[in-house]
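# no letters, just coordinates:
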Ligand SMILES: Nc1ncnc2c1ncn2[C@@H]1O[C@H](COP(=O)(O)O)[C@@H](OP(=O)(O)O)[C@H]1O
Ligand SMILES: [Mg+2]
């Protein structure tokens, strides 16, 4: 098994899971949005975990859709290789007709680092992958900074930062779709705070780092994966040129009033 195989496998699994989700969405329809989202989460989790069990039987898996007991399982905590997957990121957007901001995340964590990853955006027909990291766009200097935030829970710190920097907030669903929007140049940054889990960011962060983008906690410290508690509440991903300004802004806003 070569490293190259892991990059390709992540991309192939994310793309195939995404195709199946597109078919399921067309077949089930939007009459009951909750039922559609649940069916998508379940079917994609089943497909990805079955495939990984077959193709990488020695590796552990951490999935959003696993049970609490499975997620806490000590097997992944003593394993050298753990696949961290979000079978359907942006379940709410998947369940809304016409929306394309939902994703499938497949990442491989190996001995403390993200080693491979892929983010499929099935309704946009693209898969971003560490097998062939995207070329980052050149950011024109001086333009207004665009920061992607959650559609439903834009964090207060992002609103304050945008006010401070005169930046524009762009509401997009799914962490994977927002990080993809950074890598394709639709926005300059993605900022989230207030709650999230490792599976929401592992795969898109693997691709972002491979492409040369900035990815960290919002205090600038590194993002760490496969910890006993997979809660990873805040994140900043950006084009490298704007990261120092955004981190300095967050630092200023987080300082207790003197
Ligand atoms: N405060 C919070 N607590 C837990 N998860 C959160 C969260 N805010 C966002 N997320 C998760 O992050 C992903 C992107 O959210 P958003 O589109 O609002 O930015 C979603 O993943 P899922 O769709 O996989 O559940 C969502 O559940
Ligand atoms: Mg998610």
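Everything's here; your move. Quick caveat, the model's predicted, so the values are computed rather than measured. Ligands and ions are numbered 1, 2, ... in the order given.
# ok, residue 162 touching residue 144?
No - using Cβ atoms under 8 Å as the test, residue 162 is too far from residue 144 to be in contact (9.9 Å). All C-beta spots, glycine's among them, are computed from the backbone N, C-alpha and C.
# between the two, which one's more packed in?
Taking other Cβ atoms under 10 Å, residue 162 and residue 144 do not tie; residue 162 has more neighbours (21 against 10).
# so how far is stretch 251-258 off the chain centroid?
Put simply, stretch 251-258 sits 28 Å off its chain's centre (Cα atoms, centre = their mean, to the nearest Å).
# between the two ends of it, how far is it?
In stretch 251-258, first residue to last residue: 14 Å (Cα to Cα, to the nearest Å).
# got the contact list for it?
Residues outside stretch 251-258 that contact it (Cβ atoms under 8 Å, 6 or more residues apart in numbering) are 157, 160, 161, 164, 219, 220.
# most neighbours of all those, which one?
Counting neighbours by other Cβ under 10 Å, the top entry in the contacts of stretch 251-258 is residue 161, with 25 neighbours.
# for burial, what's the neighbour tally of the nearest residue to that one once chain neighbours are set aside?
Spatial nearest neighbour of residue 161, chain neighbours left out: residue 249 (4.9 Å); criterion: Cβ to Cβ, 6 or more residues apart in numbering. The tally of other residues near residue 249 (other Cβ under 10 Å) stands at 20.
# for residue 249, what are phi and psi?
In this entry, residue 249 is assigned phi and psi values of phi -60, psi -50 (degrees, to the nearest 10).
# what residues are up against it?
With contact taken as Cβ under 8 Å, 6+ apart, residue 249 is in contact with 161, 164, 165.
# at 10 Å instead, please
Applying Cβ atoms under 10 Å, 6 or more residues apart in numbering, we find residue 249 in contact with 145, 157, 160, 161, 162, 164, 165, 167, 191, 218.
# and for residue 19?
Counting by Cβ under 10 Å, 6+ apart, residue 19 touches 104, 120, 122.
# which element is residue 47 on?
helix 33-55 (DSSP states H and E).
# so, in contact with ligand 2 or not, that helix?
No - residues of helix 33-55 are not located near ligand 2 by Cβ under 5 Å from the ion, the shortest gap being 9.6 Å.
# how far does that helix sit from the chain's center?
17 Å.
# so for that helix, mean pLDDT?
Confidence over helix 33-55 (mean pLDDT, whole number) is 97.
# close to ligand 2: what parts of the stretch 1-150 of the chain are there?
Residues of the stretch 1-150 of the chain lying close to ligand 2 by Cβ under 5 Å from the ion are 86, 89.
# with adjacent residues omitted, what lies nearest to residue 168?
residue 146 (4.9 Å).
# which helices and strands sit right next to the helix or strand bottoming out on mean pLDDT in the chain?
Least confident element among the helices and strands of the chain, by mean pLDDT, DSSP states H and E: helix 68-72 (a mean of 78). Counting contacts by 3 or more Cβ pairs under 10 Å, 6 or more residues apart in numbering; DSSP states H and E, helix 68-72 is packed against strand 60-63.
# strand partners of the strand it packs on, parallel vs antiparallel please.
Next to strand 60-63 in the sheet, as set by DSSP bridges, lie strand 81-89 (parallel).
# hmm, the strand it pairs with touching ligand 1?
Yes - residues of strand 81-89 contacting ligand 1 under Cβ under 6 Å from any ligand atom: 86, 89.
# ok, residue 31 - how many residues close by?
Residue 31 has 7 neighbours, counted by other Cβ under 10 Å.
# could you find the closest non-adjacent residue to whatever residue of the stretch 101-250 of the chain ends up closest to ligand 1?
Nearest residue of the stretch 101-250 of the chain to ligand 1, counting by Cβ to the nearest ligand atom: residue 195, 2.7 Å away. Once flanking residues are discounted, residue 195 sits nearest to residue 233: 5.0 Å by Cβ to Cβ, 6+ apart.
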